[in-house]
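# My questions concern the predicted model and sequence given below.
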Amino acid sequence: MCNVEDQERNGSENLPVSSSGKSLTGSGCVKCGEPGVLVTRIHDSFCKSCFQVYVVHKFRSAIGKSKLIRDGETVLVAFSGGGNSSALLHLIQDGLSLRAHKRLRFTPTLLHIDESCISGVRSDELRQKREKIRQIMIKSGFPSYWTQLEQSLNIYPELSSKSMSKSKSSENPASPNSLWLTDLGQEPAPNQVPDDPPLEESRKLQDLIKSFKSSTAQEDFIHNLRNQLLVAAAQQLGFSKILTAESSTRLAVHILSDIAQGRGSQVSLDTGISDERNPGVMFMRPVRELNAKELAMYNSLFGVDTVFMPTLTTKTSIASSIERLTETFVTGLQADYPSTVSNIVRTSGKLGGPDVKRTDKCSFCQSPLDTDVGKTSALGAVLFSQHMSRPKMVDPKDNKERVSDGPVYSNGTHTPIASMPNLKEALCYGCRLSLHEFDGDTSMLPTLITKRAMWSIQERQKDELSGYLLEEDVEVNGVG
Amino acid sequence: MDSNKFTSAGAAHQNTTRQSNVDLKLKLNKFKMLPVTVEFSGGAELLCGNVKKHDVDLPGQQNKWQIRNLLVWIKDNLIQERPELFLLGDTVRPGILVLINDADWELMGELDYELQEKDRIVFISTLHGG
């Protein structure tokens, strides 16, 4: 693969047309010779119609090759209103329209997560943007749902199948697992601007996010929170697949920043065509073979409406977080070496993923735990030095007492509160690093994390206990 | 010699006045305002007071307006905060697309493109968070 590309590149460099950036001026489309409108890949110019064919092909082939979507399946499309997801929506609309050569065979439903609370301000401008996103969703004609990032605090996790069978008796039968999701098509007043999220919940979420000391950890936390909300919403609405619109540029950034943030074992899950780490719900990335420039050009050439929502790092310095710094690095390199992004993405495609069927998963991001490594590992060394530098904070006795209280909490009468060292036991290395930056109280964390962590710790204790108390297995189950 | 010189000088003088009139006209033409449309999107508009579309008259100047001059002018006149998020050195920050009349600027000569009247220059940020 690499060789082919090198040859291609060397070959094209020998041609007088594209020996330097400047001589591209006025060069025609590589397919049909018409005047080009953009340059993509390595110095290839395209005209508008050939570019459309190119983009549609990349999108269709990503869906076709993966063979993940069955005929007539309904899928949830995560629609933020930004450039990438707007392009994805347009491509889907185009693929479903009658003029498409081979019509797409799935039925999409849109879901928007309102994240305007992150910026901490409520303004008419944000309200207008929300309204515009709502209009775009309604205009698409697809069933559309609207929710708010605040809802992620209300996700009530379901017990995994393994623990479900064991502790069904103690499960609260009326688990309040319903998120606030507005069906935009069913709304009584179609002209109503989507409301601001409830003030109290917004505050709660803002406080939580602010409790993370670095914006790197904040971004990472929000990213995982959003994914979990998407999964929970998909489960509630009965979908098993979610389409997200990460471009290859975005994925290349994620690959490098994941590695920098201790998520090396999750790279292939985070950036592959599909991500099956969440039980029952699969993420798919159908535009992963198109880069940011191609998608932005597509929007511009075909008049696709996009709405820009400010994020955490908007207008901050280019080094404000690891992700932003990595993005600066990748886009800078891409400007001089147009094959940067595709090289990074293709290299990561060769990485094997962890076994997603494993039951020991991170209580937050649901990745298979990567922390079960020996004492002589890097992680072991980190833990040891943490233990040495703060001996008083980790009091094993205290922790054990708290955990043994665990089963009482699972009756649903109390909010489960785990101490931080315990909580971290149930998290993957990347989430541990993020939570290391967290200096708030563990009770501020979403129920989603604490509940799952408690369950996983109980599971582990049961397993440990059962090694000693084989005969009293029944009793252990009765407590759990 | 002298008279000759005088007459020729007179002729030269007449010539120069005619020439300078033409020059003046040319100069007036050359120094005419250049109306162009500059647009920002994808988050880049936030640096320009959150206004996406700017219809601007570029002041006349002796040399032709190139994109490289336009960038400086934008930095001085349109960008209100954090110019380093828009410009890097004398060009735009990588990750910001430049479209000249709906075509990629890489096909138009990038910084060397000479602006024409009523050109539409669009800057699209493809960066996450603008």
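Now that the structure is in, tell me what you want to look at. Numbering: from 1, shown residues only, chains lettered A, B, ... in the order given.
# How about residue 71: what's its closest non-neighbour residue?
In the absence of a named chain, chain A is used. Excluding its sequence neighbours, the residue lying closest to A:Asp71 (CB to CB, 6 or more residues apart in numbering or on different chains) is A:Arg105, at 4.6 Å. For glycine as for every other residue, the C-beta is placed from the backbone atoms N, C-alpha and C.
# if you could check chain B rather than the one you did, that'd help
Across the structure, with CB to CB, 6+ apart as the measure, the residue nearest B:Leu71 apart from its sequence neighbours is B:Leu87 (6.3 Å).
# list the contacts for the spatially most central residue of chain B?
In chain B, the centroid-proximal residue (CA atoms, centre = their mean) is B:Trp65; its distance is 3.2 Å. If you count contacts by CB atoms under 8 Å, 6 or more residues apart in numbering or on different chains, B:Trp65 has them with B:34, B:58, B:114-115.
# related to what we said a few turns ago, test my guess that the residue nearest to A:Asp71 contacts A:Gly72.
Yes: with contact defined as CB atoms under 8 Å, A:Arg105 reaches A:Gly72; the gap is 6.2 Å.
# Comparing the two, which shows the higher neighbour count?
Neighbours around A:Arg105 and A:Gly72, counted as other CB atoms under 10 Å in any protein chain shown, are more numerous at A:Arg105. The numbers are 13 against 8.
# For my notes, confirm that one occurs in a helix.
No: counting by DSSP: H, G, I helix; E, B strand; the rest coil, A:Arg105 falls outside a helix, being coil.
# for it, what are its contacts?
A:69-73.
# cutoff 10 Å now
Under the criterion of CB atoms under 10 Å, 6 or more residues apart in numbering or on different chains, the neighbours of A:Arg105 are A:63, A:69-73, A:95-96.
# Secondary structure and pLDDT added to those residues, as a markdown table?
Converted to a markdown table, these look like this (DSSP: H, G, I helix; E, B strand; the rest coil; pLDDT from 0 to 100):
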| residue | secondary structure | pLDDT |
| --- | --- | --- |
| A:Ile63 | helix | 90 |
| A:Ile69 | coil | 88 |
| A:Arg70 | coil | 88 |
| A:Asp71 | coil | 86 |
| A:Gly72 | coil | 88 |
| A:Glu73 | coil | 92 |
| A:Gly95 | helix | 91 |
| A:Leu96 | helix | 91 |
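# care to break chain B down by domain?
Domain segmentation of chain B under automatic domain parsing yields B:1-30, B:31-125.
# Tell me which of those lies nearest to A:Thr450.
domain B:31-125 (35.0 Å; CB to CB).
# mean confidence for the closest one?
In this model, domain B:31-125 has an average pLDDT of 91.
# Check the burial of A:Lys65 by counting its neighbours.
The burial metric for A:Lys65, expressed as a neighbour count using other CB under 10 Å, is 10.
# and if you look at A:Lys139?
11.
# Next one, pLDDT for it please.
Turning to A:Lys139, the model gives it a pLDDT of 91.
# need the contact list for it.
For A:Lys139, the contact set (CB under 10 Å, 6+ apart) comprises A:93, A:305.
# and it, what element?
In this structure, A:Lys139 sits in helix A:124-140 according to DSSP states H and E.
# how about the CA coordinates for that helix, as CSV?
What follows is helix A:124-140, C-alpha atoms only, in CSV (Å, rounded to 0.1, in the frame of the first residue of the first chain):
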residue,chain,number,x,y,z
ASP,A,124,-30.0,34.8,22.0
GLU,A,125,-27.3,34.0,19.6
LEU,A,126,-27.1,30.4,20.8
ARG,A,127,-30.9,30.2,20.8
GLN,A,128,-30.9,31.3,17.1
LYS,A,129,-28.3,28.7,16.3
ARG,A,130,-30.4,26.0,18.1
GLU,A,131,-33.4,27.1,16.1
LYS,A,132,-31.4,26.9,12.9
ILE,A,133,-30.3,23.3,13.7
ARG,A,134,-33.8,22.4,14.5
GLN,A,135,-35.0,23.8,11.2
ILE,A,136,-32.4,21.8,9.3
MET,A,137,-33.4,18.6,11.1
ILE,A,138,-37.1,19.2,10.4
LYS,A,139,-36.4,20.1,6.8
SER,A,140,-34.5,16.9,6.3
